[in-house]
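**Q** Below are the sequence and a predicted model for it; my questions follow.
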Amino acid sequence: MSDNILRPIYVIGHKNPDTDSIASAIAYAYLKQQKEPEELFVAARCGNISSETQYVLDRFDFQPPRFIGDVRTQVRDMEMRRIAGVSEDMSLKDAWEIMKEHKVVTLCITEGKKLTALITTGDIMESYMGSYEANTLSDAKTSYTNIVATLDAEMLVGDINDVQTEGKVIIASGTPDAMEEQISPHDIVILGNRYESQLCAIEMEADCIIVCAGAKVTESIKRLATEKGCKIIVTPHDTFTVARLIYQSMPLRYFMRSKDLQTFKADDIIEDVLPIMASTRHRYFPVVDSAGNYKGMVSRRNFLGARKKKVILVDHNEKTQTVNGIEAAELLEIIDHHRLGTVTTSKPVFFRNQPVGCTCTIIYQMFQDEGVDIPEEIAGLMLSAIISDTLLYRSPTCTNADRIAGDNLARIAGVDPEELAKAMFQAGSNLGGKSASEILHQDYKKFTAGRHTIAVGQISTMDLNEVETIKEKVQPEMEKLREQDNVDLLFFMVTNILKESSDVLFSGNGAEIILETGFNITSRDHKSVFLPGVVSRKKQMVPVITETMQ
């Protein structure tokens, strides 16, 4: 059966996600799901959760969105043949029937959920064309369950759960005297309805007699067989057919290949898999998960129908900020409140960009436009995002639309914005045992200005003493962090919400001159500048930096 699983549409924010990025993904995925229930919208993230955002998620009882580090097409995005794994005890005949039914040339053999081996039509055909030794059936440890099923037979005497481990297969012919020369203990004897032949085989200590053409077996033969421990199987097929079919009862384990299996993981990127597939002769390849559990099979033909991941971007449109592999995905929508960046699309997409303080403000308006009620807990998330991005309405990016959205969301969520803000910012600026890198990257975005790559991190606090503590921890590491991040210029805003000001640390050739020129101030120690009234990265920092560089 082919793979008809509904594929998700990921709603995802930027790398190093802030509260708005995470809340927007969750809220917009919910809105889209209400409007398009036939689809599956999944909130996602491509970075770690900050302390502030984790506090908000915990407070309103949400799990972090699913982590998606790369949206390039994966093996899991291909049409997969989800044919169940089979047991190594299965007969060749049954395996062949399954292959014919599903029109495949490979079956995967599993133990529990684990992939252990493969069998192909080539392996089965090779077994049919080979010449068997008389004792091959016992060498293969063939079960009587398989023998009876393969011969469409019935076991009259004996335990069908037994396994043949000794003896050969012979066709009884001639007189009983001649049979005595042929039969050895533990043999399986194929014969007809002659009483004398059946009696002779049992007396010669055969393990089993197979009576062909549906012949009757007398009670005396049944009693003797029971006494001697000889099984009796009756089949409707003639002797020739039984001789041909019986070797098809052998288990797959005798022919399967369990070494050097070429498998793919569901998470493997298709462009990495193609060279491997092209270099092997197999038509079908097993797919396993990270634990080695069998998931299905893919073929070369399936690559032609591999479907790109569908993605909706929220709270950004800069390529440097977006999830890895976005150029290989199908971008459906962008919902953002930042400047126009560098994300390009191969076809028109729905793009809503408004000059407001927070993406969740736009999403709030979209809830209103669509007439969809906002659940209490989602209202709390969206309010938190607006508080975070507008610094409780103190940021110059804050608009009347943000205030209206915040007031209405606070009423729906039953939350005091002042109390929520204080708790959020305290959680976000709590250093605990965090390294300088962790502090810098809590809220961190990259931008391009001409040929230069710029990164601006920001942390907000309502604790006056904490500003100096943060600076003392991060400042000595700025140059090293800039080199690690491979950016030309690195700025880090330590924003005091109560004083509505920022201390800006910097690193990189020309960074100090850019700040001094752009903001018309003088650096105090050649390591940082104090910017009164500057609290917004988007509206105050980045525009000044890029314009000054130009």
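**A** Okay, I see it. Residues are numbered from 1 along each chain as shown.

**Q** Checking my notes, residue 159 in a strand, right?
**A** No. Per DSSP: H, G, I helix; E, B strand; the rest coil, residue 159 lies outside any strand segment and is coil.

**Q** Next one: it from residue 109, what distance?
**A** The spacing between residue 159 and residue 109, counted by CB to CB, to the nearest Å, is 26 Å. In this view, the C-beta of every residue, glycine as well, is placed from N, C-alpha and C.

**Q** what do you get for residue 370?
**A** Counting by CB to CB - residue 370 and residue 109 are separated by 51 Å.

**Q** next one: residue 141
**A** 15 Å.

**Q** same question, residue 366
**A** 51 Å.

**Q** same deal with residue 378?
**A** 47 Å.

**Q** cool, residue 30 as well?
**A** For residue 30, the distance to residue 109 - CB to CB - is 43 Å.

**Q** Those two: which is more packed in?
**A** Neighbour tally, residue 30 and residue 109, criterion other CB atoms under 10 Å: the higher count belongs to residue 109, 24 against 20.

**Q** Helix or strand: which one has residue 275?
**A** Assigned by DSSP states H and E, residue 275 belongs to helix 270-278.

**Q** just how off-centre is that helix within its chain?
**A** 18 Å (CA atoms, centre = their mean, to the nearest Å).

**Q** Counting by contacts, list what it packs against.
**A** Helix 270-278 sits against helix 300-304, with contacts defined as 3 or more CB pairs under 8 Å, 6 or more residues apart in numbering; DSSP states H and E.

**Q** What strands flank the helix or strand immediately after the helix it packs on in the chain, and is each parallel or antiparallel?
**A** Under the assignment DSSP H and E, the closest C-terminal helix or strand after helix 300-304 is strand 310-314. On the basis of DSSP bridges, the sheet neighbours of strand 310-314 come out as strand 8-12 (parallel), strand 330-336 (parallel).

**Q** can you put the ones you listed in TSV and add mean neighbour count?
**A** Formatted as TSV, the strands paired with strand 310-314 follow (neighbours: other CB atoms under 10 Å):
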stretch	mean neighbour count
strand 8-12	25
strand 330-336	21
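
**Q** Now stretch 368-381: buried residues?
**A** Within stretch 368-381, the residues that count as buried by 16 or more other CB atoms under 10 Å are 374, 378-381.

**Q** So which of these are in helices?
**A** The helices, defined by DSSP state H, take in 378-381 from the buried residues of stretch 368-381.

**Q** where does this structure have its least confident helix or strand?
**A** helix 300-304 (a mean of 72; mean pLDDT, DSSP states H and E).

**Q** follow-up on the earlier one: now do the buried residues in the helix holding residue 275.
**A** 270, 273, 277.

**Q** Could you tell me the average pLDDT over it, please?
**A** Helix 270-278 shows a mean pLDDT of 81.

**Q** Now residue 525: which helix or strand?
**A** With DSSP H and E as criterion, residue 525 is part of no helix or strand.

**Q** these two touch, right, residue 226 and residue 156?
**A** No. With contacts counted by CB atoms under 8 Å, residue 226 stays clear of residue 156, the gap being 9.8 Å.

**Q** Could you pull out the residues contacting both of those two?
**A** Residues touching both residue 226 and residue 156 (CB atoms under 8 Å, 6 or more residues apart in numbering): there are none.

**Q** Who are the packing partners of whichever helix in the chain runs longest?
**A** In the chain, taking DSSP H as the definition, the longest helix is helix 19-35. Contacting helix 19-35 under the criterion 3+ CB pairs under 8 Å, 6+ apart are the following elements: strand 8-12, strand 40-45, helix 51-59, strand 310-314, helix 359-370, helix 376-390.

**Q** what angle do it and helix 376-390 make?
**A** 140 degrees (axes from the mean of the first three to the mean of the last three CA atoms, to 10 degrees).

**Q** pLDDT averaged over helix 19-35 - what is it?
**A** For helix 19-35, the per-residue pLDDT averages 98.

**Q** Please apply the same query to stretch 72-88.
**A** Mean predicted lDDT for stretch 72-88 stands at 88.

**Q** OK, contacts around residue 105?
**A** Neighbours of residue 105 in contact, by CB under 8 Å, 6+ apart: 99, 120-122, 283-284.

**Q** let's see it at 7 Å
**A** Neighbouring residues of residue 105 by CB atoms under 7 Å, 6 or more residues apart in numbering: 99, 120-121, 283-284.

**Q** what's the closest of the helices and strands packed on helix 19-35 to residue 401?
**A** Nearest to residue 401 among those is helix 359-370; the distance by CB to CB comes to 5.5 Å.

**Q** Are there helices or strands packed against the closest one, and which ones?
**A** If you count contacts as 3 or more CB pairs under 7 Å, 6 or more residues apart in numbering; DSSP states H and E, helix 359-370 packs onto helix 19-35, strand 330-336, helix 376-390, helix 400-413.

**Q** can you redo the buried residues of helix 270-278 as JSON lines with distance to residue 461?
**A** Below are the buried residues of helix 270-278 laid out as JSON lines (distance: CB to CB, whole Å):
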{"residue": "270", "distance to residue 461": "45"}
{"residue": "273", "distance to residue 461": "47"}
{"residue": "277", "distance to residue 461": "53"}
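
**Q** ok, these vs residue 329, which is closest?
**A** Looking across these and measuring by CB to CB, the closest to residue 329 is residue 270, at 12.4 Å.

**Q** how near is the closest residue to residue 299 other than its chain neighbours to residue 99?
**A** Among residues not flanking residue 299 along the chain, residue 284 sits closest, at 5.0 Å (CB to CB, 6 or more residues apart in numbering). For residue 284, the distance to residue 99 equals 10 Å [CB to CB].

**Q** neighbour-wise, which of the two wins?
**A** Shown here are residue 284 and residue 99; by other CB under 10 Å, residue 284 has more neighbours (21 against 18).

**Q** my read: that one touches residue 297, true?
**A** Yes. Assessed by CB atoms under 7 Å, residue 284 is found in contact with residue 297 at 4.7 Å.

**Q** Which neighbours do the two have in common?
**A** residue 106.

**Q** For residue 75, grab the count of nearby residues.
**A** 24.

**Q** and it, how far is that from residue 257?
**A** Distance from residue 75 to residue 257, by CB to CB: 21 Å.

**Q** again, but for residue 226
**A** Residue 226 is 41 Å from residue 257, by CB to CB.

**Q** ok so, going back, what's the helix holding residue 275 in contact with?
**A** In contact with helix 270-278 (CB under 7 Å, 6+ apart) are residues 73-75, 262, 264, 285, 300, 303, 306.

**Q** right, so of the strands paired with strand 310-314, which gets closest to residue 230?
**A** strand 8-12 (60.6 Å).
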